[in-house]
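J.: Predicted model and sequence below, questions to follow.
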Amino acid sequence: MFKDFDYDRLPVVDIVNEMIIDAANKNASDIHFDPTPTILKVRIRVDGELVNYAEVPENVKNPLITRIKIISGMNITESRLPQDGAIKNIIEGRDLDLRVSTLPIVYGEKVVIRILDYSMSTNGLDSLGFSPKNYEKVRKMIEIPNGIILITGATGTGKSTTVYSMLQILNTPERNIITVEDPVEMKLTGINQVQTMSEIGLTFASALRSILRQDPDVIMIGEIRDDETARIAVRASITGHLVLSTIHTNNSLNTIERLLDMDVERYLLGSALAGVISQRLVKKLCPKCRSSRQASDYEKNVFKEVLGMDITDIYTPVGCEECLDGYKGRIAIQEVLGIDQTIRDAITNNIRKEELRKLVYGENATITLLEDGLMKVIEGLTSFEEILRVIDIEDDFGNEDVNIKNALLGKRAEEVPTEVEETPAVEEVVDVNDDELKEEDAELALPNDEDIETLEEGAENIVDEEDSLESVDEPIDLLEVDDDSSDELDSLDLQDSEIDLL
């Protein structure tokens, strides 16, 4: 992956062009230019991971950064403030759409180039890796006349790609579609797209108020970032509009809680929410070099517990010239929650989260992220290790999913606290009644014959040692007394009689 350039002979213009084209050909999503005291370190993000790409010498560092700022429309004389720019040009016959950001750090300006690839969005919704059941759910969602559909996930999990794919289906002459975005990432013919500009007061919330007066059929909000935007979006969805948006949450249940935390009324959310699509990206196995191997006992147990399937073999990465460590590209694992009347009533009536979880994953039969990921492992699309990497055991499962949690923790079984094994002993004590406890306490209080013999032998040994006689306690003297101690015994008897008289 590391590449050397002839920095002494090649012009800076050609070096920058070659870096951008080569990174795009390697399906990189970002190019990082990190200044250090001596060199400019270049890294590219491939399949979600940063890898070293090049090292630019000190004498070429500043001219290279200046060239990037020129072609992205930035002010080359300003290096003290962050700047944003864009590159949309044809370089070496390839149409590129790039977003550029600079940030001043102690060793110079750090530059990051985001390579925007819309090929997945233009390929259609059916190319995003939805399972047949999840695909049918999504198609039903976007056919409803009004409601709000949310696509959730962390940054860089393909939410915008999914939204644009849905807009491609909805984009017909019969519909008036308006979007409000920051920034407008992909320009679509036939769709009215608004770019927010907070510096002049054109925020998501203010744009939405104006959009509602434009007779829209479909509204797309780039991201729900604040309480006001969330409330306006929900109210717009119950007044005859289909609303699409994204939000940063991990799964479907967390999305519902997040909206409630943003002061969206329960009765409105229960009526407006049409569906939630949660997704995460995993690296895709290279189809040319992947190989099959026998599944371990741990992996077999996980498949059996989660999917109820007996698996003997799974695919594993190998590595070849056309991929990076056996992976090439990424694919999404999805969780699609379709809201039915039972879940609407549950949201409105404020039932407990665990009960809502049972409705979502039990009666609603929602395919979880883990289930969808393991199915893609069986299909050979990704590896078992990749699924474990993106699954959050604590956040993705409830208290009733103990068996699944234990199966996933199987590799670290020795680290599980021992108190789990002591639980049966505690239960046995609880089941014993009070009479049995009293009898056991009485038996424990009375010494047996062996204990008495041990005490007597210890007393004899102590008394035989004349040097220690003065330190022997009086109760021990009474256990065995010789003739020479008769006077002492008499004195003790007198003391006892005095105590009795008292």
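T.: Good, I have the coordinates. Numbers count the residues shown, from 1 in each chain.
J.: where do the helices sit along the stretch 151-300 of the chain?
T.: For the stretch 151-300 of the chain, the helices defined by DSSP state H, counting those that start in this stretch cover 159-170, 204-211, 227-237, 252-261, 266-272, 297-307.
J.: need those helices in JSON lines with mean pLDDT and mean neighbour count, can you?
T.: Heads up, the C-betas are built off the backbone N, CA and C, glycines and all. Formatted as JSON lines, the helices of the stretch 151-300 of the chain follow (pLDDT from 0 to 100; neighbours: other Cβ atoms under 10 Å):
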{"stretch": "helix 159-170", "mean pLDDT": "93", "mean neighbour count": "21"}
{"stretch": "helix 204-211", "mean pLDDT": "92", "mean neighbour count": "19"}
{"stretch": "helix 227-237", "mean pLDDT": "92", "mean neighbour count": "21"}
{"stretch": "helix 252-261", "mean pLDDT": "90", "mean neighbour count": "20"}
{"stretch": "helix 266-272", "mean pLDDT": "92", "mean neighbour count": "18"}
{"stretch": "helix 297-307", "mean pLDDT": "93", "mean neighbour count": "17"}
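J.: I'd like those laid out as CSV, including distance to V184.
T.: Listed next are the helices of the stretch 151-300 of the chain as CSV, based on distance: least, Cβ to Cβ, whole Å:
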stretch, distance to V184
helix 159-170, 11
helix 204-211, 12
helix 227-237, 17
helix 252-261, 24
helix 266-272, 25
helix 297-307, 40
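J.: my read: N89 touches S72, true?
T.: No: shown here, N89 and S72 do not form a contact pair, counting by Cβ atoms under 8 Å, at 10.0 Å.
J.: quick one: E379 and K187, what's the gap?
T.: Distance of E379 to K187, computed by Cβ to Cβ, to the nearest Å: 34 Å.
J.: Does P183 touch S101 like I think?
T.: No: using Cβ under 8 Å, P183 makes no contact with S101, being 11.4 Å away.
J.: neighbour-wise, which of those two wins?
T.: S101 (15 against 10; other Cβ atoms under 10 Å).
J.: hey, C-alpha coordinates of the helix or strand containing that one in PDB?
T.: Taking DSSP states H and E as the criterion, S101 maps to strand 94-105. Coordinates of each C-alpha in strand 94-105 appear next as PDB, following Å, rounded to 0.1, in the frame of the first residue of the first chain:
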ATOM      1  CA  ARG A  94     -12.200  10.400 -13.900                       C
ATOM      2  CA  ASP A  95     -15.100  12.500 -12.600                       C
ATOM      3  CA  LEU A  96     -14.300  13.300  -9.000                       C
ATOM      4  CA  ASP A  97     -16.300  15.000  -6.200                       C
ATOM      5  CA  LEU A  98     -14.200  15.800  -3.200                       C
ATOM      6  CA  ARG A  99     -14.700  17.600   0.100                       C
ATOM      7  CA  VAL A 100     -11.600  19.300   1.600                       C
ATOM      8  CA  SER A 101     -11.000  20.500   5.200                       C
ATOM      9  CA  THR A 102      -8.000  22.100   6.700                       C
ATOM     10  CA  LEU A 103      -7.200  22.400  10.400                       C
ATOM     11  CA  PRO A 104      -4.200  24.400  11.900                       C
ATOM     12  CA  ILE A 105      -2.100  22.300  14.300                       C
END
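J.: give the contact list for G108.
T.: P35, L40, K61, N62, I65, S79 (Cβ atoms under 8 Å, 6 or more residues apart in numbering).
J.: Of all pairs in those, which one spans the longest distance?
T.: Longest distance between any two of the contacts of G108 is 14.1 Å, between L40 and S79; criterion Cβ to Cβ.
J.: And the two? Which one has more around it.
T.: A direct count of neighbours by other Cβ under 10 Å for L40 and S79 places L40 higher, at 23 against 15.
J.: Please tell me I have it right and the more buried one contacts H32.
T.: No: checked against Cβ under 8 Å, the pair L40 and H32 is beyond contact range at 10.3 Å.
J.: A54 versus D47, what's the distance?
T.: 19 Å.
J.: Equivalent analysis for T382, please.
T.: In terms of Cβ to Cβ, T382 sits 29 Å off from A54.
J.: between the two, which one's more packed in?
T.: T382 (26 against 21).
J.: pretty sure that one is touching V282, no?
T.: Yes: in this structure, T382 is within contact of V282 by Cβ under 8 Å, at 4.8 Å.
J.: Can you show me the strands along the stretch 301-450 of the chain?
T.: Here the stretch 301-450 of the chain has its strands, by DSSP state E, counting those that start in this stretch, at 313-316, 327-338.
J.: So what's the gap between the shortest one and the chain middle?
T.: Pointing back at strand 313-316 there. On the basis of Cα atoms, centre = their mean, to the nearest Å, strand 313-316 sits 24 Å off its chain's mean C-alpha point.
J.: So in that sheet, which strands flank it, and in what orientation?
T.: Taking DSSP bridges as the criterion, strand 313-316 forms sheet pairs with strand 291-294 (antiparallel).
J.: that older thread, what about N89 and S72, which has more around it?
T.: S72 (21 against 14).
J.: Just the pLDDT at the closest residue to that one other than its chain neighbours, thanks.
T.: Spatial nearest neighbour of S72, chain neighbours left out: G85 (3.2 Å); criterion: Cβ to Cβ, 6 or more residues apart in numbering. Listed pLDDT for G85 reads 92.
J.: Provide the partner residues of G85 in its beta bridges.
T.: Going by DSSP bridges, G85 forms beta bridges with V100.
J.: residues contacting it?
T.: Contacts of G85 by Cβ under 8 Å, 6+ apart are K69, S72, G73, M74, R99, V100, S101, T102.
J.: If we use 7 Å, what do you get?
T.: Under the criterion of Cβ atoms under 7 Å, 6 or more residues apart in numbering, the neighbours of G85 are S72, G73, M74, V100.
J.: for the protein, which spans come out with low pLDDT?
T.: 1, 91-92, 363-364, 411-502 (pLDDT under 70).
J.: And the residue nearest the centre of it?
T.: Centroid-nearest residue in the chain, with Cα atoms, centre = their mean: D392, separated by 5.1 Å.
J.: Is that residue in contact with T249, as I believe?
T.: No: using Cβ atoms under 7 Å as the test, D392 is too far from T249 to be in contact (11.8 Å).
J.: Could you count how many residues lie near the nearest residue to M141 once chain neighbours are set aside?
T.: Among residues not flanking M141 along the chain, G275 sits closest, at 4.2 Å (Cβ to Cβ, 6+ apart). The number of residues packed near G275 is 20, by other Cβ under 10 Å.
J.: Now for G275: which residues touch it?
T.: M141, I149, V336, L337, G338, I339.
J.: which residues does it bridge with?
T.: With DSSP bridges as the rule, G275 is bridged to I149, G338.
J.: picking up where we left off before, strand partners (parallel or antiparallel) of whichever helix or strand comes after the strand holding S101?
T.: Per DSSP H and E, the first helix or strand lying C-terminal to strand 94-105 is strand 108-115. In the sheet, strand 108-115 lines up against strand 28-35 (antiparallel), strand 94-105 (antiparallel) (DSSP bridges).
J.: Buried ones among the contacts of G85?
T.: S72, M74, V100 (16 or more other Cβ atoms under 10 Å).
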